[in-house]
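J.: My questions concern the predicted model and sequence given below.
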Amino acid sequence: TRRLVVVGASLAGLRAVEAARKGGFEGRITLVGAEPHLPYDRPPLSKQFLDANGADGTPPTFRTEEVLRTDLGAELLLGAPATCLDTAARTVVVGERPIGYDALVIATGATARRLPGTEGLAGVHTLRTLDDAAAVRRALDAGARTVVIGAGFIGAETAAAARKRGLDVVVVEAQATPLVRAVGQAMGGALASLHRRHGTDLRCGLSVTALEGEGRVERVRLSDGSVLDADLVVVGTGAVPATDWLEGSGLTLDDGVVCDETLCTGAENVYAAGDVARWHNPVFDRPMRLEHWTSAAEQGALAARNALNPEAAKGYATVPYFWSDQYDTRIQFVGVPDAEEIAVADGDIERDHQGVALYRAGDRLVGALAVNRPTEIMKYRRLVAQGASWEEGLAFARSRSDSRQ
Ligand code: FAD
């Protein structure tokens, strides 16, 4: 029988397994995961999972072990990472043991960037895994004075969770505004007011020069000379694709596993998906690596189908989409944030935390940000996908705005 091996037992890996079975694959499936946990969902980890009155710390597991083993017929190899890929022998090594594959999906995601020199200092956490989130949650339960380093999505959501509990929170961001990488500086600036309105002490344009304490963090020193007292430091400075184990495999690694349009790595029957994959996105005609839930799920499914049937491999074309919940606000973004012009075309994002901003490159609409307009964003996603012009985007936003008057 043929064997599909999926390395990485999270969203993209799970979707790969499910798509293989849905597509009628009857061979063996082995799902390899470095973490000891069953596949679980990450977005809640920086949101509901941290709430004092939310879920009681139950892991956001996708499927029970029974469903994975019985309904999906997957062998689970959890708690040990794959350490090596040999594309000539068609094996991956897990715990010293080579496992043969006929088709392979690489879905090892990304790992949180750590602050150098903080290993062994208690109270300093990243927020990527269930174990990370459980540790942060415990510290919040204990009423920690919280310092968040980095005002990207995860940092911003963590700050919001701490404020919901009424804890003192300082967010330190090296850039001029929060969320620069995700929505660009102008809209990051508009969203800064959201934090301040909720009592988060947001300090931009500063970096952390030292974390101090005896075995446990007590103080955070900043580049302007100020010193913050802290019981909990959450480091939200981004993630790096988990490709260490592929060094020497012959696959092209360049901020992710480099793939073609069909998510093929170039090695026979070896495909990649999710946060680890850098593939050519035809919608924008450029290579991209996304760290978004929706694309990880879609790529996982497609990578499995393509790996099992390369002759009929399909390309993955998408307008990137992600959402984030901060305080009582839902932020959604489609497309790409690097734009020549950004215009708030509906509502007032800075004042009311409600509205839509559009992003222009050349004469094309390339992105849209929706703040507390949850039902709007997919309409803009379709416009971007259709290659709508900037004028069409603006006209559409105006008509939406008028219909609300
Ligand atoms: P991952 O989820 O990173 O999973 C990869 C898995 O592979 C991990 O379990 C890892 O342990 C395992 N692994 C790594 N190396 C190996 C190895 N060598 N062998 C075996 N296993 C290995 N996206 C949104 O769109 N909206 C949100 O609101 C949002 N919120 C988020 C909040 C948090 C706290 C985090 C961390 C992410 C959030 N995301 C959000 C992003 C989204 O969760 C990711 O895009 C998604 O999890 C990517 O799935 P993945 O399967 O590609 O990778």
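T.: Perfect, thanks for sending it.
J.: thought Arg203 was touching Gln175?
T.: No - judged on C-beta atoms under 8 Å, Arg203 makes no contact with Gln175 at a distance of 11.4 Å. Backbone N, C-alpha and C define where each C-beta goes, glycine included.
J.: Indicate the residue of the stretch 251-400 of the chain located nearest to the ligand.
T.: Ranked by C-beta to the nearest ligand atom, the top residue of the stretch 251-400 of the chain for proximity to the ligand is Gly274, at 2.1 Å.
J.: what distance separates the start and the end of stretch 256-268?
T.: 18 Å (C-alpha to C-alpha, to the nearest Å).
J.: what does it contact?
T.: The contact list for stretch 256-268, computed with C-beta atoms under 8 Å, 6 or more residues apart in numbering, reads 87, 106, 241, 243, 246, 249-252, 270-273, 276-282, 287, 289, 299, 302-303, 306, 310, 313-317.
J.: Which members of those are classed as buried?
T.: Among the contacts of stretch 256-268, those classed as buried by 16 or more other C-beta atoms under 10 Å are 87, 106, 241, 243, 246, 249, 251, 270-273, 276-281, 289, 299, 302-303, 306, 313, 316.
J.: Out of those, list just those in helices.
T.: Counting by DSSP state H, these place Gln299, Leu302, Ala303, Asn306 in helices.
J.: Mind putting those residues into CSV with pLDDT and distance to Ala80?
T.: Converted to CSV, these look like this (pLDDT from 0 to 100; distance: C-beta to C-beta, whole Å):
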residue, pLDDT, distance to Ala80
Gln299, 98, 24
Leu302, 98, 27
Ala303, 98, 22
Asn306, 98, 27
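J.: quick one: which of those residues is nearest to Leu191?
T.: Leu191 lies nearest to Gln299 out of those, by C-beta to C-beta, at 27.9 Å.
J.: Wait, Cys84 touches Trp245, no?
T.: Yes - counting by C-beta under 8 Å, Cys84 touches Trp245, with 6.5 Å between them.
J.: can you give me the strands in the stretch 101-250 of the chain?
T.: Here the stretch 101-250 of the chain has its strands, by DSSP state E, counting those that start in this stretch, at 103-106, 110-112, 124-126, 146-149, 169-173, 201-204, 208-212, 219-222, 227-229, 232-235, 239-241.
J.: For the third one, which strands pair with it and how are they oriented?
T.: Strands adjacent to strand 124-126 in the sheet, as given by DSSP bridges, are strand 232-235 (parallel).
J.: ok, the most centrally placed residue in the chain - contacts?
T.: Centroid-nearest residue in the chain, with C-alpha atoms, centre = their mean: Glu291, separated by 3.6 Å. Applying C-beta under 8 Å, 6+ apart to Glu291 gives the contacts Ala110, Ala239, Asp275.
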